[in-house]
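Enquirer: Sequence below, structure please.
(chains A and B)
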Amino acid sequence: MNESKVLQELQRALPTGRLITEPAAMRPYETDGLTAIREMPWAVALPGTEDEVREVLAVCLEHEVPVVPRGAGTGLSGGARPVQGGLVLGLSKLNQILEVDVDNCTARVQPGVRNLAISEAVAEHGLYYAPDPSSQLACSIGGNVAENSGGVHCLKYGLTVHNVIGLKVRTIEGDVLELGGKGLDYPGYDLLALLCGSEGMLGVVTEVTVRLLPEAPQKVVLLAAFSTLESAAGAVSRIIGEGVTPAGLELMDQLTLRAAEDFAGAGYPKDAAAILLCELDGDATEARALQRYAVRLFEEEGAYDVQQAESAEQRERLWAGRKAAFPAVGRIAPDYYCMDGTIPRASLVEVLRGISELSERYGLVVGNVFHAGDGNLHPLILYDANQEGQIELAEGLGREILELCVGVGGTVTGEHGVGVEKLTPMCAQFNAAELAQFERVKEAFDPARLMNPGKAIPTLTRCAEYGGMHVHGGELPFPNLDRF
Amino acid sequence: MAGDRAAQLVDAVRSAAADEQPLRLLGAGSKVPAAEAGHALQVDENRGVVDYQPEELVLTARGGTPLAEIQALLHQSRQQLPFEPPMIGGRGTLGGAVATGWSGPGRPWRGAVRDAVLGVEMINGLGERLTFGGQVMKNVAGYDLSRLQVGAWGSLGILLSISVRVTPEAHAERTCQLECAAAEALSRMRAWARAHSPITATCFEGGVLSARLSGMAESVAAAAERIGGEQVPDSTLWRDLRDRALPVFASQDGDGQRLWQIHCAPAAELPPDACLVEWSGARRWWRTDARVEDVRAYAEQAGGVALPAGAAPRFDSPHMARLKRAFDPQGLFNPHLNDAHPPQ
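Expert: Next up, the predicted model:
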């Protein structure tokens, strides 16, 4: 590749100052939220219009430059980590809210619009955008689509895929895909669902239409304290099973709740083995009925203390501890590694026990705070990167935790994505034929394999080296491939 | 295991691939008429519930499992399929419900078929058995190839088994009915959509606006008071609407009249003559003798699309054709749905 020629062409496609090649200026783009993994980009492009996106992609296709799309860079799996010799396509300048349609309860926005900015823009109409990843202050809607982000309230209101109803996507070959719209169902393959969570490997999202929901007039947050982890887990299964779908249902174990209490002073009972935070919402009658029902149910399941927060101020205080959980745990040790497995709810106790055994074996402390209602675990592995070998230990422990999740019928990532972080655990979840099917799907959109290469889908070689390749029925789909 | 025909279906696909013989996939035949071309492959003998643990709110069943059997099983634990798939003539299979992607009256509130699908096991056009997704609610490992099967009409593969999210039945349910004109009905539906309430379905037809309320008994009663009109405790309307058993669906096309299904922006103006409106306005059933071009133009300016009721869509955009090849390079499955493989 004639680098200076390519840079000149990119420069022509972009306004002054929107192509960054100075190492010092590119430093913020070295990594996303998974800061342990870094790579200096070859260049960073910051297009401000869809046309500029198209032209940048055309230059990259012609000269075979890999493209790494990037939203706000808050992702936790390295999905936006630069690749060697590749261009980072930052979409933060595409940040306009194009249309708010109150009658149809939709908003059409550019990918760089921050998640929370959508809800702020429509609040005056009593509407909001439901998915609320913990990074919602900073993360962008385009990044949410790439990762199919969830959040505390997705238990009742769904993930990104359930709340995005339209997408405009530009492929590297220059095609525009207009998917969905303001209606609910459109005929044809559900490319919209396919694009959600595709980690920027199929195309660049240039417009997103989201559905907006009416803000619930009444919200209540309950804190239920349990003296055993088992009874807390039992209460989770029961409340979900009885049709009282909470807006959010979070579980914190003793280590995490104590750290959070020391940090935030939320009023958590520090003697509890586990606490549940349960948010219920609805119109006034519905919320109150749910509240009575849930309090009785928690007490029946062995909660020894149930706090009920009805005012906005009380609710904030209870949530403050949960929201501070990660930084609070971060104070106990110099570094922590946040995992993201999902398991069937019935396996909660078994998996938590397994994690505690692994924690002892590795000699690293693990805190647990998670979206209990949908079985999405976030074990926090505490370590010290300055001590030799601890990063590797933490990663090994993390991998075993994910294998534990797959072993009980779960998945290696509930909401953070595979990125570069979970490529190896993917080998435990998918066999060679399945990985090959993923590859063919990618080819349908990106035959040149330039979009975010090396992310999300591990190569067969990597899986063979790892040794985790499944064999279905004693038959390898690619018998002529070497196994290492 | 009884009902497990996966091995036979794999054999059938491999033979079809070897003979270059396209296959028309057939389930219970409730939604798709018998094949007029291609070699028919009956897939509904592969049936049976594989796994159901009520406390997990997840059910896994083979594609040919009758919906009626699934609903009866779920009802024993006071649970239901959230997407309310049509059971036309009381028939239909889980695989057929997923393949067509037809959602029932609660779609805007309880989600579409694709929203409930958590994972599939399938056979692709290479005769490989593949598993995507799983049995858990949140899963972003790899591309979402299980949701991609919803509404694909079997053109990407045979659905061997499907895991779906199920939901508890409501503690209480009732229906409110008001007499009003069409425009007023639509504006009421839109007002309801903008406020929190226990509404889980709406329908307007023949001068009557109906709303289904589901939730805790107290809030259903309070909302019914607010909405007013006549209260019907156990309305059969929603089942008949779901199963397309209302008179509007029954009358045959003829006299130049045709029944259209229109998906559009929910607040968009109604068509000039009477139609059935559901999903808060987002789906409309319009029986009309208007010209095809006029119906399509109406749908387009309403931000949507018009399909003849019950018709299969076509998967003919360039990227859909490429996806088809990614799963089924020889074009074995239901090739009549893809332009690249026109009907023989």
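
Enquirer: hey, let's count contacts and neighbours off CA atoms from now on
Expert: Noted.

Enquirer: okay, how far is it across stretch A:455-465, tip to tip?
Expert: 17 Å (Cα to Cα, to the nearest Å).

Enquirer: wait, stretch B:204-213
Expert: Start-to-end span of stretch B:204-213 (Cα to Cα) is 15 Å.

Enquirer: Stretch A:324-335 too?
Expert: The stretch stretch A:324-335 measures 16 Å between its terminal residues, going by Cα to Cα.

Enquirer: Then stretch A:80-90?
Expert: The first and final residues of stretch A:80-90 sit 10 Å from each other (Cα to Cα).

Enquirer: Could you confirm whether it reaches chain B?
Expert: No: interface with chain B: stretch A:80-90 contributes nothing (Cα under 8 Å from any Cα of the partner chain), its closest point being 15.7 Å away.

Enquirer: Report the buried residues of that stretch.
Expert: Buried residues in stretch A:80-90, defined by neighbour count with 16 or more other Cα atoms under 10 Å in any protein chain shown: A:Ala80, A:Arg81, A:Pro82, A:Val83, A:Gly86, A:Leu87, A:Val88, A:Leu89, A:Gly90.

Enquirer: Next: stretch A:442-452.
Expert: Residues A:Lys442, A:Glu443, A:Ala444, A:Phe445, A:Asp446, A:Arg449, A:Leu450, A:Met451, A:Asn452 are the ones in stretch A:442-452 that count as buried (16+ other Cα under 10 Å).

Enquirer: Quick check: which ranges of chain A have low pLDDT?
Expert: A:466-484 (pLDDT under 70).

Enquirer: how does it divide into domains?
Expert: In the domain annotation for chain A, the residue ranges read A:3-90, A:97-214, A:218-327, A:333-417 (automatic domain parsing).

Enquirer: Run through the strands of the stretch 51-200 of chain A in chain order.
Expert: When assigned using DSSP state E, counting those that start in this stretch, the strands of the stretch 51-200 of chain A occupy the ranges A:67-70, A:87-90, A:97-101, A:106-109, A:127-128, A:164-170, A:176-180.

Enquirer: Tell me which of those strands is the most buried.
Expert: Across the strands of the stretch 51-200 of chain A, the average number of neighbours (mean count of other Cα atoms under 10 Å in any protein chain shown) peaks for strand A:67-70, which reaches a mean of 29.

Enquirer: ok, residues contacting that strand?
Expert: Strand A:67-70 is contacted by residues A:57, A:60, A:80-83, A:86-92, A:143, A:200, A:204, A:450-453 when judged by Cα atoms under 8 Å, 6 or more residues apart in numbering or on different chains.

Enquirer: So which of those are in helices?
Expert: Cross-referencing those against helices under DSSP state H gives A:Leu57, A:Cys60, A:Gly143.

Enquirer: Could you list which residues are in contact with the closest residue to chain B within the stretch 1-150 of chain A?
Expert: Using Cα to the nearest Cα, the single residue of the stretch 1-150 of chain A nearest to chain B is A:Asn104, 5.5 Å away. The contact partners of A:Asn104, by Cα under 8 Å, 6+ apart, come to A:Lys182, B:Arg190, B:Ala265, B:Pro266, B:Ala267.

Enquirer: you'd agree A:Arg440 is up against B:Ala326?
Expert: Yes: look at A:Arg440 against B:Ala326 with Cα atoms under 8 Å: they come within range, at 5.1 Å.

Enquirer: quick one, which of the two is more surrounded?
Expert: Shown here are A:Arg440 and B:Ala326; by other Cα atoms under 10 Å in any protein chain shown, B:Ala326 has more neighbours (22 against 18).

Enquirer: hang on, isn't that one packed against A:Val441?
Expert: Yes: using Cα under 8 Å, B:Ala326 and A:Val441 qualify as a contacting pair, with a distance of 5.7 Å.

Enquirer: before we move on, back to that, of the domains of chain A, which is nearest B:Ser317?
Expert: In this view, those are compared for proximity to B:Ser317 by Cα to Cα, and domain A:97-214 is the closest at 8.7 Å.

Enquirer: So what would you say the end-to-end distance of the closest one is?
Expert: The first and last residues of domain A:97-214 sit 19 Å apart, counting by Cα to Cα.

Enquirer: And it, how far out from the chain middle?
Expert: In terms of Cα atoms, centre = their mean, to the nearest Å, the centre of domain A:97-214 is found 14 Å from the chain centre.

Enquirer: Contact residues of the stretch 1-150 of chain B facing chain A?
Expert: Residues of the stretch 1-150 of chain B lying close to chain A by Cα under 8 Å from any Cα are B:54-57, B:108, B:111, B:115, B:128, B:130-132, B:134-145, B:147-150.

Enquirer: try it again with 7 Å
Expert: B:55-57, B:115, B:130, B:136-145, B:147-148 (Cα under 7 Å from any Cα of the partner chain).

Enquirer: Out of those residues, which sit inside helices?
Expert: Of the positions in the residues of the stretch 1-150 of chain B next to chain A, B:Asp115 sit in helices, assigned by DSSP H.

Enquirer: B:Cys275 reaches B:Trp285, doesn't it?
Expert: Yes: the pair B:Cys275 / B:Trp285 is scored as a contact, 5.5 Å apart, by Cα atoms under 7 Å.
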